[in-house]
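Novice: all I have is the shape, not the residue letters:
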């Protein structure tokens, strides 16, 4: 018997049956005798086995025999000895009880198995009921639509989630075709799904479209599973539909954003790309492919290193990895190889892109072409270096003429009556002063050309005459160095349309350059020839020559040839001025040389012009005569300049007054009533422009000759003085001849009408 079956509730009936059996046996003993009286006890054993199990039956059998022996078998209230018949009686009793107990054990085991089977069945039923309840609760509470249908598509169940999603109640849908919520264009799709289900297949996470009761189209994710009966036959399908409309909108917005991003990225000037933390690019914009000529497949397989300089790429990646480790933006500069085989420099910047948890998921970068900027920076550095060299050269070149001028002045102080020394000193001062003037004029001309402020005054010019005029200027230097000049000019005039002054400047600068770099007793050749529509001017020498790498650089501002020894200096602007003036005339200039020590040649090519007027006559210096005395007011804030100019005018017979500021000039002009006013512009108290306007407002000053005598010589300065009422604009330093000629050209005082 299973343990625990002999419970408290079974003990009382067992005990009662035992007592009753013993009592009845005791009462019937006199009638039945010892042999039969014990046969009543197995009834109590049977009851005990039935109610309490085999253990209870065995206990009752023993207790019953002992009680019978005490009460009536042995007699006297004590256990008696068992004799031969007693043993037979006991054995019979024991066998009979054993049979009862054995049958009870079999019965109990059968009852236990039956009880266990019924319990298991009940438990399984309870669990199934619980599972069905839980499943029903889940289905009822689910936000997703959970629907079942048969293989013909007829709806069999419809949960509250389906009601909320599609707007139909269960009563409206159950028993109707599922096509109720399927758009007509997707009915064939629904048939295909039913066909797959009939074959026992499942449909997982299938994105499609369904209709609500109001006709609104929903994007849903659909999972469909077959329903099978106990024999394994597919009898229907269950489906779970989840609304993914918002997800689809988000995906569409993301696609649109990505498309816009790619469209923008493809149309920027920079390369754009994304990469992982190892530097492996995952995307490039169109500019990258246009520049490199690579294909998408090549880039997909990480073939980006071939566009980098092999000597630099490891260092680039090392710097990138440091930024990956720190999470800081990356910036670097390096060259990249283009499809044309050329390297260009790029500024590269990359920024980490993080997810919502702050984790870096990729890097976004750009490459900006800075080749021109880099070249410009190099040019600026070179220009800055040339500027420094120029300032040092300028200081040197200005000191060079100042030293002999100062020495010549000292000679004049001590020469006494030695006429030869005085003449020599004057010639030195004149020559060196002209040299300084030419240095300043060259600088001003280059500045004007650079800012497009220089205007050519074109006329028909004979280039032969221009060359001869330039040679006159350089003749003294040629003779001083004993240079052999070979001049080859056509026998007839060679005419072109140009500015005679600027053409003379071109020839003079080329000759000056040749003289400067040709050692004593060297040779210089000047040739003019006509070649088709062009006129060629060649100036060659046997001088220091030009290194091949500097043949183009010598035309740049402030450039001087390196490693030239024993040559005269210069500002490095002469050839720049030549190039700009030639280009203004529509021509070109080139330099040729076999190298250092091999001499050089400059070839100027100018377009020949059709003669529309007679060639301009070569300007002849006009003799300066004092003429009639004039009243001249000199207004100059530099005392030395004012004093020397007034002395020259006094020596020429003119009556002169001097004022050192604008206010004094106005006061003196009112009292002096001059015929000519030589007026500086940068004056204290009242500048020259204001003084001129004041003079023009006076009745007596309307026909007064007013000349600006200033260091400001730009076109804007000339326009400003013209608008203020000046008659002339003379740029310092002004030669004495020009000043005396101006004063002499003024009408005599008697002929001037006074207001």
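Specialist: Received, thanks. Not measured: the values here are computed from a predicted model.
Novice: so for residue 473, what's the pLDDT?
Specialist: As predicted, residue 473 sits at a pLDDT of 75.
Novice: what's the answer for residue 35, then?
Specialist: pLDDT, residue 35: 60.
Novice: kindly report the same for residue 369.
Specialist: So, for residue 369, pLDDT stands at 92.
Novice: do the same with the one 3 residues further on
Specialist: According to the predicted model, the pLDDT of residue 372 comes to 92.
Novice: what does residue 395 give?
Specialist: The model's pLDDT for residue 395 equals 65.
Novice: ditto for residue 559
Specialist: If you check residue 559, the pLDDT there is 63.
Novice: point me to the helix or strand that includes the most centrally placed residue in the chain.
Specialist: Geometric centre of the chain, nearest residue: residue 366, 4.5 Å, by Cα atoms, centre = their mean. Assessed by DSSP states H and E, residue 366 sits inside strand 360-369.
Novice: just to revisit the earlier point, how near is the residue nearest to the residue nearest to the centre of the chain when sequence neighbours are not counted to residue 341?
Specialist: Among residues not flanking residue 366 along the chain, residue 270 sits closest, at 4.3 Å (Cβ to Cβ, 6 or more residues apart in numbering). (Glycine included, C-beta is placed from N, CA and C.) Noted for residue 270: a distance of 22 Å to residue 341, by Cβ to Cβ, to the nearest Å.
Novice: phi, psi of residue 286?
Specialist: Residue 286 has phi and psi values of phi -60, psi -30 when expressed as degrees, to the nearest 10.
Novice: is it true that it touches residue 268?
Specialist: No - using Cβ atoms under 8 Å, residue 286 is not in contact with residue 268, being 9.8 Å away.
Novice: number of residues surrounding residue 680?
Specialist: Applying other Cβ atoms under 10 Å, we find 26 residues neighbouring residue 680.
Novice: so who does the closest residue to it other than its chain neighbours touch?
Specialist: Leaving aside its sequence neighbours, residue 680 sits nearest to residue 636 (Cβ to Cβ, 6+ apart; 4.8 Å). By Cβ atoms under 8 Å, 6 or more residues apart in numbering, the residues touching residue 636 are 642, 645, 658, 660, 678, 680, 709.
Novice: rerun that using 7 Å as the cut-off
Specialist: Applying Cβ atoms under 7 Å, 6 or more residues apart in numbering, we find residue 636 in contact with 642, 645, 660, 680.
Novice: farthest-apart pair in the residues you listed, please.
Specialist: Farthest apart among the contacts of residue 636 by Cβ to Cβ are 645 and 660. That separation is 12.5 Å.
Novice: give me the more crowded residue out of these two.
Specialist: Neighbours were tallied for residue 645 and for residue 660 using other Cβ under 10 Å; the higher tally belongs to residue 645 (21 against 18).
Novice: pLDDT (mean, whole number) over the strand or helix carrying the more buried one?
Specialist: Counting by DSSP H and E, the secondary-structure element that holds residue 645 is helix 639-651. Averaged across helix 639-651, the pLDDT comes to 84.
Novice: by contact count, what packs against it?
Specialist: With contacts defined as 3 or more Cβ pairs under 7 Å, 6 or more residues apart in numbering; DSSP states H and E, the packing partners of helix 639-651 are strand 631-635, strand 655-659, helix 736-744.
Novice: what residues sit buried inside the strand holding residue 366?
Specialist: When burial is assessed from 16 or more other Cβ atoms under 10 Å, strand 360-369 yields the following buried residues: 362, 363, 364, 365, 366, 367, 369.
Novice: could the residues you listed go into JSON lines alongside distance to residue 145?
Specialist: Shown next, in JSON lines, are the buried residues of strand 360-369 (distance: Cβ to Cβ, whole Å):
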{"residue": "362", "distance to residue 145": "38"}
{"residue": "363", "distance to residue 145": "43"}
{"residue": "364", "distance to residue 145": "41"}
{"residue": "365", "distance to residue 145": "46"}
{"residue": "366", "distance to residue 145": "48"}
{"residue": "367", "distance to residue 145": "51"}
{"residue": "369", "distance to residue 145": "57"}
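Novice: quick check, nearest of those to residue 583?
Specialist: Nearest member of the buried residues of strand 360-369 to residue 583, counting by Cβ to Cβ, is residue 369, at 29.9 Å.
Novice: what residues are bridge-paired with the closest one?
Specialist: Note on residue 369: beta-bridge partners by DSSP bridges are residue 346.
Novice: could you measure from it over to residue 337?
Specialist: Distance of residue 369 to residue 337, given as Cβ to Cβ: 13 Å.
Novice: again with residue 688
Specialist: Taking Cβ to Cβ, one finds residue 688 at 63 Å from residue 337.
Novice: same check on residue 684?
Specialist: 65 Å.
Novice: looking at the two, which one has more neighbours?
Specialist: Comparing residue 684 with residue 337 by neighbour count (other Cβ under 10 Å), the higher total belongs to residue 337, at 16 against 11.
Novice: before we move on, what's the pLDDT of the closest residue to the more buried one other than its chain neighbours?
Specialist: Of all residues beyond its chain neighbours, the one nearest residue 337 is residue 307 (4.8 Å), with distances taken as Cβ to Cβ, 6+ apart. Listed pLDDT for residue 307 reads 91.
Novice: what is the burial count for residue 307?
Specialist: Neighbour tally, residue 307, other Cβ under 10 Å: 19.
Novice: return the residues in contact with residue 603.
Specialist: 536, 538, 589, 590, 592.
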